[in-house]
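Enquirer: Model the structure of this input:
(2 chains)
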Amino acid sequence: MENIGALAILLAFCLAIYAVIGSITGKLRRNPFLIVSAERAVYGVWFLVTLAAGVLVTALLTSDFRFVYVAENSNRAMPAIYKFTAWWGGQAGSLLLWSWLLSTYAAVVIFTNRRKHRDFMPYVVAVLSTVQTFFLILNNFVAAPFEMLAVDRAITAVPDGNGLNPLLQYPAMAIHPPMLYLGYVGFAVPFAFAMGSLITRQPGDGWIHTTRRWTMVTWLFQSCGIVLGAAWAYHVLGWGGYWGWDPVENASLLPWLGGTAFLHSVMMQEKKGMMKVWNMVLVSATFFLCILGTFLTRSGIVNSVHAFASGPIGKYFVGFMAIGIAVTIYLILDRLDYLKSESQLESVISRESSFLFNNLVLLASCFAVLWGTLFPVISEAVSGEKISLDAAWFNRLMIPIGLFLLFLTGVGPLFAWRRTSTESLQRNFMWPGIASVVLVGALVAAGMRNFYALISFGFCLFVALTILVEFYKGAKQIAAKNEINFAHAVVELTHRNTRRYGGYLVHMGIVLMFIGFTGAAFNKNRVDEMKAGDSVTLGSYQLTAKATHEGENENYLWQSAEIEVSKNGESLGVLSPEERVYKASRQPTHEVALRERLNEDLYLNFAGMNDDRAVIQSYVFPLVDWIWIGALTLIFGTLVALVPSKVKREYARTQVVGITRKHATVEK
Amino acid sequence: MKKYGKFAALVVVIVGTLIWLATAGIKENQTYYKTIAELGQMGDQAYSKRLRVGGDICPGSIHRHGNAVDFLLMQEKLNLKVTYDGSDPLPDTFRDGSQALADGRMGHDGVFHANKVQAKCASKYEAKPGGKPAAAPVYPNKASL
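Expert: Numbers count the residues shown, from 1 in each chain, chains lettered A, B, ... in the order given. As a prediction, the model looks like this:
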């Protein structure tokens, strides 16, 4: 079986190379058969990589401990679901997952575009297959998933494996890596289309219309992946936070920032024919940030809690990125004339300008995060001293950036294209503006003095109101005109222009998440050693230790503390934080006990015993649940935006009449 | 060109603010990576900078008293006494024998005062023989197929 797997990825590697050469030669020689054969080769790659993945998964599920990978990442006592997720529990397996996802994406892209974009599809195939080839090199020659355990040249199995890292034995963490990878890998598709269209100097923005949904789906996966990671850190790691500016967290954030900038700036190209060079740069940058993200997680170049492994793999990534970036820059510079803008900026207070600043700020934050993440590497290269920047540095920089973005979220969509009149500014922003000033005033009067928190709450209300007013105004009109009730009218309104109102919902999600982030300004915590009967106070809660319990099951040993929680003398029930020690890996994990409420979470962690006293870390996290609610809203909004609009829209290109015809076929 | 002037001014203001935020007081956010051997050679400098020291946690050296945790870090046969008194709980991966990074300052008492400790995710690529019952007899040599 192992031979089938190893052979399959080796053949897939050969086929991927054939697909690159075949489609380029086919295109240059105008040989349609060669082009089609290259496309078939991509299907072949998918089949072979799927086969290899199937072999690995079967080995994991049947606990075939002859495989090094299985022995290192699985054990018999693990539930079947975690045996399956052990597929991406280690280096070799997760790179195989990368390959498999990429080959799946490529096969889907080729199938759905088999009759479209014939003139540049060969290059799309070539670009995707080049990336595929790179990852198959890693699968075949650097991190091989089909290594076997052997004693004296005879393949042998071990009785039981080391088990999946217990920290990963958690539902959110089980799906977090594939979500992130779906996001990382997905950006290869818009990138390939952009390159194909650039190489063949396509007129128009075909690549943008074709890949808009791809980009959004990919972005959605990335968002889910990041939030799942945060939720995992919060619920499992027991350090009481969801984000610590760790290099690997940053690695997932970087392409998300790039992708967000791209999603906004393509609208400028779609509607005004502007920022073409910029979009090319953005889509390429985002793609390479995805590769960089994989590289940072996989190479351990920056010291990190997650740094999974170090070894020769880094060189391959650096080589691939260097060549890729060089080729991309050459292509863009060589074809600058084709990327000429069709219109110009007119006013600082206009939709165009809000997009411009949105992009500037997103890119600046992306650069800042990149700089901070790579600072140890940069400083070592420059001064020979390895210096790292701490979370406080990131916070000092990213909080103002985030607040400015939040502000733009509110004003941007309501600015008119070209220029905005003072009258419309007043109409749209007066009441939300007044309401937020009143809110901030009230909060100050209530004794809140945290500057950033005040600003953030003010902006949150402002943006939320502008969005709600948009829904209200539109829905009221529809309700009056069609004589339907208001709720129905809201649905109707959204359905008529899903992109716009879906976008508003995404913005609403961001606002809710910011409310949650702002809560962090008011966190409280304390650490206590408690004996049965001891009582401590945190915020408005009284915590009383009752007893400790212990036990074991086949996967782990556990010990838990029983803490009674009461507020103003009224009992709120018992929380039992738990410490587990997994048998296979001898690794402890902490199961925190949470009392989740919309206004604040009470978060208890049992840090172990000190003689006969339980060490209890207790925290109060105000508003943190709004992050998860906001994330759900964001997901819902993105899904709405993916639904085709009921009314087909043609964008009135007020300025460039000459090209309108070409764009009349937008959005089928 | 007047309108581009406005854009340029705004861009300069934004970028300028960010650069100021990024560089002002950066010294306080910097942590120097040092090995235990380098720490010994730093002299007085060792007391003024924030440092990050890495090493293996000596088995059996972890002691908890009050809110502080003491342990010994070992790197290339050199030991460093560390006391951790930060507010965050120690990570799950912090245990005997695992690799840890301690951030903090060197005290004049010769003890490293850490306010942040990271421990490396138990890497499955460095199987520790003997540590795990199942893994004891394995990996004499890997046959690659």
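Enquirer: separation between residue B:110 and residue B:40?
Expert: Relative to residue B:40, residue B:110 is positioned 10 Å away (C-beta to C-beta, to the nearest Å). Every residue, glycine included, has its C-beta placed from N, CA and C.
Enquirer: The two - which one has more neighbours?
Expert: residue B:40 (12 against 8; other C-beta atoms under 10 Å in any protein chain shown).
Enquirer: Report the secondary structure state of the more buried one.
Expert: Under DSSP: H, G, I helix; E, B strand; the rest coil, residue B:40 falls in the helix class.
Enquirer: I figured it was touching residue B:78, is that so?
Expert: Yes - the criterion here is C-beta atoms under 8 Å, and residue B:40 meets it with residue B:78 at 7.4 Å.
Enquirer: Next up, the contacts around residue A:508.
Expert: By C-beta atoms under 8 Å, 6 or more residues apart in numbering or on different chains, the contact list for residue A:508 reads A:464, A:467, A:630, A:633, A:637.
Enquirer: and if you look at residue A:392?
Expert: Taking C-beta under 8 Å, 6+ apart as the criterion, residue A:392 is in contact with B:28, B:29.
Enquirer: Need the mean per-residue confidence for the helix or strand harbouring it.
Expert: In the assignment (DSSP states H and E), residue A:392 maps to helix A:391-411. Average pLDDT, helix A:391-411: 89.
Enquirer: to the chain's geometric centre, what's the distance from that helix?
Expert: Relative to its parent chain, helix A:391-411 has a centroid offset of 18 Å by C-alpha atoms, centre = their mean, to the nearest Å.
Enquirer: and which of the contacts of residue A:508 is nearest residue A:123?
Expert: The nearest member of these to residue A:123, counting by C-beta to C-beta, is residue A:637 at 33.5 Å.
Enquirer: was I right about that closest one contacting residue A:502?
Expert: Yes - using C-beta under 8 Å, residue A:637 is in contact with residue A:502, at 5.1 Å.
Enquirer: shouldn't residue A:530 be in contact with residue A:536?
Expert: Yes - if you go by C-beta under 8 Å, residue A:530 and residue A:536 touch, sitting 7.1 Å apart.
Enquirer: which residues are common contacts for those two?
Expert: residue A:543.
Enquirer: and these two? which has more neighbours close in?
Expert: For residue A:530 versus residue A:536, the count of surrounding residues by other C-beta under 10 Å is larger for residue A:530: 20 against 16.
Enquirer: Quick one: residues contacting that one.
Expert: A:536, A:543, A:545, A:561, A:563, A:613, A:614, A:615, A:616.
Enquirer: Now for those residues: which two are most distant?
Expert: Greatest spatial distance among the contacts of residue A:530 (C-beta to C-beta): A:543 and A:613, at 14.0 Å.
Enquirer: out of those two, which sits in the busier spot?
Expert: Higher neighbour count among residue A:543 and residue A:613: residue A:543, with 21 against 16, using other C-beta under 10 Å.
Enquirer: Make sure I have this right: the more buried one is in a strand.
Expert: Yes - under three-state DSSP, residue A:543 sits within a strand.
Enquirer: what's the neighbour count on residue A:33?
Expert: The burial count for residue A:33: 9, using other C-beta under 10 Å.
Enquirer: tell me the pLDDT at it?
Expert: For residue A:33, pLDDT reads 91.
Enquirer: Could you verify my assumption that it touches residue A:25?
Expert: No - taking contacts as C-beta under 8 Å, residue A:33 lies outside contact range of residue A:25: 11.1 Å.
Enquirer: Distance of the residue in the stretch 401-550 of chain A that chain B sits nearest to relative to residue B:85?
Expert: Proximity of the stretch 401-550 of chain A to chain B (C-beta to the nearest C-beta) peaks at residue A:527, 5.3 Å away. From residue A:527 across to residue B:85, the span is 10 Å (C-beta to C-beta).
Enquirer: Find residues that contact each of those two.
Expert: residue B:67.
Enquirer: ok, those two, which is more surrounded?
Expert: The neighbour count for residue A:527 versus residue B:85, taken as other C-beta under 10 Å, is higher for residue A:527 (18 against 13).
Enquirer: Spatially central residue (nearest the centroid) of chain B, please.
Expert: The centroid of chain B falls nearest to residue B:101 when counting by C-alpha atoms, centre = their mean (3.0 Å).
Enquirer: For that residue, give me phi and psi.
Expert: Per-residue torsions, residue B:101: phi -120, psi 130 (degrees, to the nearest 10).
Enquirer: Show me where the chain has its strands.
Expert: Because you didn't say which chain, this covers chain A. Ranges of strands within chain A are A:148-151, A:154-155, A:387-389, A:524-530, A:535-538, A:541-552, A:556-567, A:570-575, A:578-582, A:587-591, A:593-596, A:600-610, A:613-622, based on DSSP state E.
Enquirer: Not quite, go with chain B.
Expert: Along chain B, counting by DSSP E, strands occupy B:30-34, B:51-57, B:63-65, B:68-75, B:78-84, B:99-106, B:112-119, B:141-143.
Enquirer: Could you list every helix and strand in contact with the second one?
Expert: Under the contact definition 3 or more C-beta pairs under 8 Å, 6 or more residues apart in numbering or on different chains; DSSP states H and E, strand B:51-57 sits against strand B:30-34, helix B:36-41, strand B:68-75, strand B:78-84, strand B:99-106, strand B:112-119.
Enquirer: Domain-wise, how is chain A divided?
Expert: Domains of chain A are assigned by automatic domain parsing as A:1-163, A:170-338+A:353-389, A:408-521+A:634-663, A:523-622.
Enquirer: List, one by one, the residues from the stretch 351-500 of chain A near chain B.
Expert: Within the stretch 351-500 of chain A, the positions adjacent to chain B are A:353, A:356-357, A:360-361, A:364, A:368, A:371, A:376, A:385-390, A:392-393, A:396-397, A:400-401, A:404 by C-beta under 8 Å from any C-beta of the partner chain.
Enquirer: residues from the stretch 151-300 of chain A in reach of chain B?
Expert: For the stretch 151-300 of chain A, the residues in contact with chain B (C-beta under 8 Å from any C-beta) are A:151-153, A:155, A:158-162, A:165-167, A:237-241.
Enquirer: Buried members of these into PyMOL, please.
Expert: Selection of buried members from these for PyMOL, criterion 16 or more other C-beta atoms under 10 Å in any protein chain shown:
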select buried, chain A and resi 158+160+161+162+165+166+167+237+238+239+240+241
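Enquirer: ok now do the residue nearest in space to the middle of chain A, which residues does it touch?
Expert: Central residue of chain A (C-alpha atoms, centre = their mean): residue A:222, 2.3 Å from the mean position. Listed by C-beta under 8 Å, 6+ apart, the contact set of residue A:222 reads A:179, A:180, A:183, A:184, A:252, A:255, A:256, A:259.
Enquirer: re the thing from before, would you mind measuring from the residue of the stretch 401-550 of chain A closest to chain B to residue A:543?
Expert: 12 Å.
Enquirer: in the biggest helix by length in chain B, what's buried?
Expert: Identified as the longest helix of chain B according to DSSP state H is helix B:2-23. By 16+ other C-beta under 10 Å, the buried positions in helix B:2-23 come out as B:7, B:14, B:18, B:21, B:22.
Enquirer: what stretches of chain A score poorly on pLDDT?
Expert: Residues of chain A meeting the criterion pLDDT under 70: A:152, A:299-311, A:647-668.
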